[in-house]
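> what follows is a predicted structure for the sequence shown.
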Amino acid sequence: MSAYAVAFLDEMNVNREIITYLNRVDETLEPYDGQFLVHGKKGDMVEGPSPGLCIIIEFPDLERARSWYHSDEYQEIRPLRTNNSEGSVILIDGVPPDYQASDLLRK
C-alpha cells in the first residue's frame, strides 16, 4: 500500500541553500522509489486557513518513506530546507484502491 510524505511549508526563503536542496533532493528519493505528486503548490483553500506550500511525495510503503526520511543522504540536506522555511511534515499510510469512507467504521 502506498505511503506519503506530506509537508506544508510557509513561504520559503529561496536562496543558495534552498537551490542546493532542490538540486539534490531527487537523488535522495531514488533508492526508496519516492516520487513527487505535488511540489510547492498553494492549494485552492475551501475550508480553514492556508497551510502554505504543499508537498506530497509517494512511496511504495511506509517503511520506505521512513527509510528515506531518516537516511544519511536526506538528513545531510534536510537542514538546507529547515533553516530556510517553517512548516510540518508527516509520513502517512495511504488506503487500498477499493477503500470507502465507511471502512473506517469497521475498525
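Right, received. Where do you want to start? Numbers count the residues shown, from 1 in each chain.

> could you use CA atoms for every contact and neighbour count after this?
Will do.

> what sits against L53?
A7, F8, L9, D10, E11, H39, G40, K41, K42, G43 (Cα atoms under 8 Å, 6 or more residues apart in numbering).

> name only those of the residues you listed that count as buried.
Taking 16 or more other Cα atoms under 10 Å as the criterion, what is buried in the contacts of L53 is A7, F8, L9, D10, K42.

> so Q75 is in contact with Y69, correct?
Yes. In this structure Q75 lies within contact range of Y69 using Cα atoms under 8 Å: 7.1 Å.

> out of the two, which sits in the more crowded spot?
Y69 (18 against 13; other Cα atoms under 10 Å).

> next, count neighbours for I57.
19.

> what's the nearest residue to it if we skip its chain neighbours?
F36 (4.3 Å; Cα to Cα, 6 or more residues apart in numbering).

> that neighbour belongs to a helix?
No. F36: not assigned to a helix; according to DSSP: H, G, I helix; E, B strand; the rest coil it is strand.

> who are the neighbours in contact with it?
F36 neighbours (Cα under 8 Å, 6+ apart): I55, I56, I57, E58.

> hang on, the earlier thing: would JSON lines of the buried ones among the contacts of L53 with secondary structure and distance to R64 be doable?
Compiled in JSON lines, those are given as follows (DSSP: H, G, I helix; E, B strand; the rest coil; distance: Cα to Cα, whole Å):
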{"residue": "A7", "secondary structure": "strand", "distance to R64": "17"}
{"residue": "F8", "secondary structure": "strand", "distance to R64": "20"}
{"residue": "L9", "secondary structure": "strand", "distance to R64": "22"}
{"residue": "D10", "secondary structure": "coil", "distance to R64": "26"}
{"residue": "K42", "secondary structure": "coil", "distance to R64": "27"}
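
> any chance of a markdown table for those residues, columns distance to I90 and pLDDT?
Supplementary listing: the buried ones among the contacts of L53 in a markdown table, determined by distance: Cα to Cα, whole Å; pLDDT from 0 to 100:
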| residue | distance to I90 | pLDDT |
| --- | --- | --- |
| A7 | 6 | 96 |
| F8 | 9 | 95 |
| L9 | 12 | 93 |
| D10 | 15 | 86 |
| K42 | 18 | 88 |
